[in-house]
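Undergrad: need a structure here:
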Amino acid sequence: MNLKNIRVVYNKERTDMLRDRRTVFNMLLFPLIMFPIISIGFSRMENMFREKAKKEAAQIMVLGAEHAPTLDARLRASGKFEILPFAAGFKQQISDKKLRAAVEFSPGFEQALHAAGGAAPVLTLYFYRTELRSELAVRGLEELIGKYRTEIVQSRVVSQGMSAASLTPVITKEQNVASAEKVSGVRMGAIIPYFIIIFCLMGALHPAMDLTAGEKERGTLETILASAVSRGELVMGKFLLVLTTSLITAVISLISYSATLKFAPSAAARGVGSATKDMTIHFSLQAVLMVFVMVLPLAVLFAATLVAISLMARSYKEAQSYTGPIMLAAIVPAIASILPGIELNPALALIPVLNVSLVSKELLSGSLPWASIAVVFISTCFYAAIALGIAVLQFQREEVLFRA
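TA: Okay, here's the model as predicted:
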C-alpha cells in the first residue's frame, strides 16, 4: 500500500465529512454539551422539584386517631401535613396520587404505649413506593414518630432512675482506609469507561455509514474506484478517518465529563446515578492514559466493523438498519460491566467490550492487574485485526461494492 495515496483518500474524505453538519454535531457538539445537560441540568431540576415537594404540606389521612390523641395532636401541630377526614378507599386514593400517605393506629395504641411490660402497639404507614411526594410524606411521618418514640424511651429510662446517656452504651466511628483514587474508581470507574465506549461507537457510526452506503447512494463510489488509488488504500483511508472521528468523539466526551466533574462534582455524580452528595473525583494521569490505550483497539474494532457492515447496504437508511444490532451488541456488555458483582476474570477478559470496560474500571481504581491487562489488550487487538481484514475483503468483492 502507498501511504501517500492513503493520505490523499483520508484528506479528501475528511474535507467532505467536515462539510456535513450532522457529523460535526455528532462528533464535536453533542458529546461536549451532553454531560453538562445530563449531569448539572437534570440534577438541578431534580433538586428544584424535590425542594418544591418538601415545602408542600403533604395530604395524609389518620385512621384511629382516637387511639393515639397525643401523637395525632403532634401530627396536626407540626405544620408539615394536611390532615384529611377519613374516607373509605384511602388506599386507592394513594395509588391514584390523590392522597400522599395514611397513618393507622391500632386500638388502644396510647394505653399500650404507656403500659409497662405489655406488647408494643402497632402503627401502620400506607404510601406509594417510588412516588416522590408519597415517600417524602412517609419520611416526614417517620421523623416525627421517631422523635416521639425516643421521648417515650427516654422517659421510661429516667423513670427507672437511669441516665438518658445509657441508651447509647457504645459509640461507633468509621474510618476509611482506602485511598481517594480507589474510592473514586469504585464509584465512577464503571460509568466512565461505559461512556467512553458508547461515544467511541457513536463517533464512528455516522462517518462509517456515510463513507460507504452514503457513497453508493450518491453514486460517487464508482468515481473513486476508477482513480489510481487501489481498493486496499481506499478502504484504509476511509477506515482511518472513521477511527479518527471515533477517538475524537471519545476524547471530547471525556474532556466534557472531566470539566463537569471539576466544576460541579456533586451534580455530575448524581447525574450518572450516584447518591453521594459530596463527591470528589481522584484519577491519576497514568490510569487515564492506560484506559485510553485499552480503548484504542476497541475503537479500531468498532470502526472496522461498522465500515464492513455499512458497505453491504444499498443506501444510508439501509445501513442504519444494519448497524442497529451492532449498537445493541456493544451497549449490552458495556451495561453489564456496571452491574454489581461482575469482576474481571480470565473468561470475561476474552469478551469484547465487556473486557475493556472491566479492566478500565480496575485501572481507574488504582489496580494494575498486568496479566489481565495483557489478555484484554491482545484479545481486543486480535478481534480488531479480524474486523479490519473483513473490511478490506469487503472492498474486494464486486457484488458488495455494486450491490443494487
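Undergrad: helix/strand/coil for the residue lying farthest from the centre of the chain?
TA: Relative to the centre of the chain, and counting by CA atoms, centre = their mean, the farthest-placed residue is residue 161 at 54.6 Å. Each residue gets one of three states, and residue 161 gets coil by DSSP: H, G, I helix; E, B strand; the rest coil.
Undergrad: ramachandran angles for it?
TA: Main-chain torsions, residue 161, degrees, to the nearest 10: phi 80, psi 20.
Undergrad: and it, how far from residue 125?
TA: 34 Å (CB to CB, to the nearest Å). C-beta here means a position set from N, CA and C on the backbone, and glycine is covered the same way.
Undergrad: how many neighbouring residues does residue 158 have?
TA: Residues near residue 158, counting by other CB atoms under 10 Å, number 11.
Undergrad: what do you get for residue 323?
TA: Neighbouring residues of residue 323 were enumerated by other CB under 10 Å; the total is 22.
Undergrad: ok, residue 12 next?
TA: The number of residues packed near residue 12 is 16, by other CB under 10 Å.
Undergrad: please work out which residues outside the helix or strand containing residue 11 touch it.
TA: Assigned by DSSP states H and E, residue 11 belongs to helix 3-18. Under the contact criterion CB atoms under 8 Å, 6 or more residues apart in numbering, helix 3-18 has outside partners 23-24, 207, 210-211, 224, 228-230, 233-234, 236-238, 240-241, 244-245.
Undergrad: pull out the buried residues from the residues you listed.
TA: Burial of those was assessed by neighbour count (16 or more other CB atoms under 10 Å); the buried members are 23, 207, 210-211, 224, 229, 233-234, 236-238, 240-241, 244-245.
Undergrad: wait, residue 75 sits on residue 144?
TA: Yes - in this structure, residue 75 sits in contact with residue 144. The criterion is CB atoms under 8 Å, and the distance is 6.6 Å.
Undergrad: tell me which of those two has more neighbours.
TA: Shown here are residue 75 and residue 144; by other CB under 10 Å, residue 75 has more neighbours (20 against 17).
Undergrad: need the strands for this structure, in chain order.
TA: Secondary structure of the chain (DSSP state E): strands at 58-63, 81-84, 101-105, 123-127.
Undergrad: deepest-packed of those strands, please.
TA: Sort those by mean neighbour count, taking mean count of other CB atoms under 10 Å, and strand 101-105 sits at the top with a mean of 23.
Undergrad: that strand pairs with which strands, and in what direction?
TA: Applying DSSP bridges to the sheet, strand 101-105 is found paired with strand 58-63 (parallel), strand 123-127 (antiparallel).
Undergrad: residues touching it, excluding its own?
TA: Residues from elsewhere that reach strand 101-105 (CB under 8 Å, 6+ apart): 58, 60-65, 67-68, 71-72, 75, 90-91, 94, 121, 123-128, 134, 137-138, 141.
Undergrad: now stretch 374-384
TA: Taking contacts as CB under 8 Å, 6+ apart, the residues outside stretch 374-384 that touch it are 293-294, 297-298, 300-301, 304, 344, 346, 349-350, 352, 355-356, 358-359.
Undergrad: of all the residues in it, which ones are buried?
TA: Of the residues in stretch 374-384, 375, 376, 377, 379, 380, 383, 384 count as buried by neighbour count, 16+ other CB under 10 Å.
Undergrad: now the first one: how far from residue 122?
TA: For residue 375, the distance to residue 122 equals 58 Å [CB to CB].
Undergrad: what of the fourth one?
TA: Residue 379 sits 59 Å away from residue 122, going by CB to CB.
Undergrad: likewise for the last one?
TA: According to CB to CB, residue 384 and residue 122 sit 63 Å apart.
Undergrad: just put the strands of the chain in JSON lines and tack on distance to residue 363.
TA: Shown next, in JSON lines, are the strands of the chain (distance: least, CB to CB, whole Å):
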{"stretch": "strand 58-63", "distance to residue 363": "47"}
{"stretch": "strand 81-84", "distance to residue 363": "50"}
{"stretch": "strand 101-105", "distance to residue 363": "46"}
{"stretch": "strand 123-127", "distance to residue 363": "43"}
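Undergrad: distance to residue 1 and mean pLDDT for these - can I get that in a markdown table?
TA: Converted to a markdown table, these look like this (distance: least, CB to CB, whole Å; pLDDT from 0 to 100):
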| stretch | distance to residue 1 | mean pLDDT |
| --- | --- | --- |
| strand 58-63 | 71 | 92 |
| strand 81-84 | 76 | 90 |
| strand 101-105 | 71 | 94 |
| strand 123-127 | 68 | 94 |
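Undergrad: show me how the protein divides into domains.
TA: With automatic domain parsing serving as the domain definition, the record reports that the chain contains domains spanning 3-44+180-401, 53-163.
Undergrad: residue 208: neighbour count?
TA: Under the neighbour criterion other CB under 10 Å, residue 208 is assigned a count of 32.
Undergrad: if I look at it, what pLDDT would I see?
TA: Turning to residue 208, the model gives it a pLDDT of 89.
Undergrad: near the spatially closest residue to it that is not a sequence neighbour, how many other residues are there?
TA: Using CB to CB, 6 or more residues apart in numbering and skipping residues adjacent in sequence, the residue nearest residue 208 is residue 306, 3.6 Å away. Other residues within reach of residue 306, judged by other CB under 10 Å, total 29.
Undergrad: pass me the low-pLDDT residue ranges in the stretch 251-400 of the chain, would you?
TA: When the per-residue scores of the stretch 251-400 of the chain are filtered using pLDDT under 70, the ranges that remain are 261-284, 400.
Undergrad: same thing but at 90, please
TA: 251-295, 310-349, 351, 353-373, 391-400 (pLDDT under 90).
Undergrad: just checking, what's the longest helix in this protein?
TA: Of all the segments assigned as helix in the chain under DSSP state H, the longest by residue count is helix 231-263.
Undergrad: relative to the whole chain's centre, how far out is that helix?
TA: Helix 231-263 has its C-alpha centroid displaced from the chain centroid by 21 Å (CA atoms, centre = their mean, to the nearest Å).
Undergrad: please apply the same query to stretch 141-150.
TA: Put simply, stretch 141-150 sits 36 Å off its chain's centre (CA atoms, centre = their mean).
Undergrad: same question for that stretch, mean pLDDT?
TA: If you average the pLDDT over stretch 141-150, you get 90.
Undergrad: report the buried residues of that stretch.
TA: So stretch 141-150, judged by 16+ other CB under 10 Å, has buried residues 141, 144, 145, 148.
Undergrad: thank you kindly, that will do.
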